[in-house]
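> sequence below, structure please.
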Amino acid sequence: MKLTVIIPVLNEEDSLPVLLDELLSALRQNDLDASEIIFIDDGSTDSSWQRITEFAAAHPEVSGIRFRRNFGKAAALTAGMQSATGDVIMMMDADLQDDPAEIGAFLERLNAGYDVVNGWKQRRLDPWHKVYPSRVFNWMIGRLTGLKLHDHNCGLKMFRAEVAKEIRLYGELHRFIPVLAFARGFRITELVVNHRARQHGHSKYGVRRFLRGFLDLLTVSFLTSFGRRPLHALGGVGLFFFSLGGLGLIFLALLWLRMNLLPVIGLSALSITAEPIGSRPLLAYSIASLLLGGQALSLGLLAELIVDSSQRSDDIFSVREKT
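Okay, here's the model as predicted:
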């Protein structure tokens, strides 16, 4: 088995030498001398890239990729997965909070029949304003996607190479790798890991991360549920508002008949006197509801045409094995 370790780097010059020593030691202890380590410099402004080039010159198993600017962690992981040649891929952060000594335990769990092993920082050494929102976020992911893990945000993950071939990362979807794999039928599990305190630098995440994370959660929830059948989502909304508007107009039509036609045929006792139909707010609401429903249905049909014209056969299903 060949292992590829992918490490996104952003201004971590002080952490990299220690991380590399720990990684090389862990690989030797697990008889993984043929493995590779890929550092992806995501637009660092310090001497991180210089360190990476020195590592690559001294160690044949180390290679580096340097971005022209900061493109984000998802882009860095995508570049690493495209360059990976291992049967198994492990991703970890470069800030020394992830412990390379966990590699053996991850491989053992993966060999137990799983495709993705997600780390769980059960004892998390982070400030409370990061811990508690993260717990709420993990609960929301479980409720909306059906995959209940304790720590979706953990940067320490291991998965088989075929998982990397079938999922696509953009924006900040890297934290949803287990969810994307789960939606394609891969077997997911989690493993309690040793979370260490940051020794150098500072955290790259701020308050905006939680807002972006919630929006990404909505994106993943929609993609995994309706990515191949958008009309089922937009069509349901469209039919609801279209029916609501239609019922409102039918009610107004019956009311108009009672007000205007019953006296003509001699049933004035059943007629009522009320304000004209055209001045009733219900008319405007019903027409707006009809238009909204029609637009939602139209968008759903257009989305279906886009999906049909762009989909590839290998994107519709996931094959585990052949015989």
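> state the pLDDT value of Ser298.
Here the pLDDT value assigned to Ser298 is 88.
> how many other residues sit next to it?
Other residues near Ser298 come to 12 when the count uses other CB atoms under 10 Å. (Glycine included, C-beta is placed from N, CA and C.)
> need the phi and psi values for it.
Backbone torsions for Ser298, taken as degrees, to the nearest 10, come to phi -60, psi -40.
> wasn't Arg198 part of a strand?
No - secondary structure of Arg198 (DSSP: H, G, I helix; E, B strand; the rest coil): coil, not part of a strand.
> for it, give me the pLDDT.
What the model reports for Arg198 is a pLDDT of 71.
> same question for the one 10 residues further on.
Listed pLDDT for Arg208 reads 64.
> for Ala269, same thing?
50.
> how is the protein partitioned into domains?
The chain is divided into the following domains under automatic domain parsing: 3-226, 230-316.
> check the ones you listed for me: which has the lowest mean pLDDT.
By mean pLDDT, the lowest-scoring of the domains of the chain turns out to be domain 230-316, with a mean of 77.
> please enumerate the helices of the stretch 51-200 of the chain.
With helices called from DSSP state H, counting those that start in this stretch, the stretch 51-200 of the chain shows them at 73-83, 103-110, 128-145, 161-166, 177-183.
> what's the answer for the stretch 201-323 of the chain, then?
Using DSSP H, counting those that start in this stretch, the helices of the stretch 201-323 of the chain run over residues 208-226, 230-260, 281-310, 313-316.
> buried residues in the second one?
Applying a neighbour-count criterion of 16 or more other CB atoms under 10 Å, one finds 230-231, 233-235, 237-238, 241-242, 244-245, 248-249, 252, 259 buried in helix 230-260.
> which of those residues lies closest to Thr145?
Ranking the buried residues of helix 230-260 by separation from Thr145, with CB to CB as the measure, puts Ala233 on top at 15.0 Å.
> once you drop chain neighbours, what's closest to the closest one?
Closest residue to Ala233 in three dimensions, ignoring its sequence neighbours and counting by CB to CB, 6 or more residues apart in numbering: Phe226, at 4.3 Å.
> count of residues packed around that neighbour?
Applying other CB under 10 Å, we find 18 other residues in the vicinity of Phe226.
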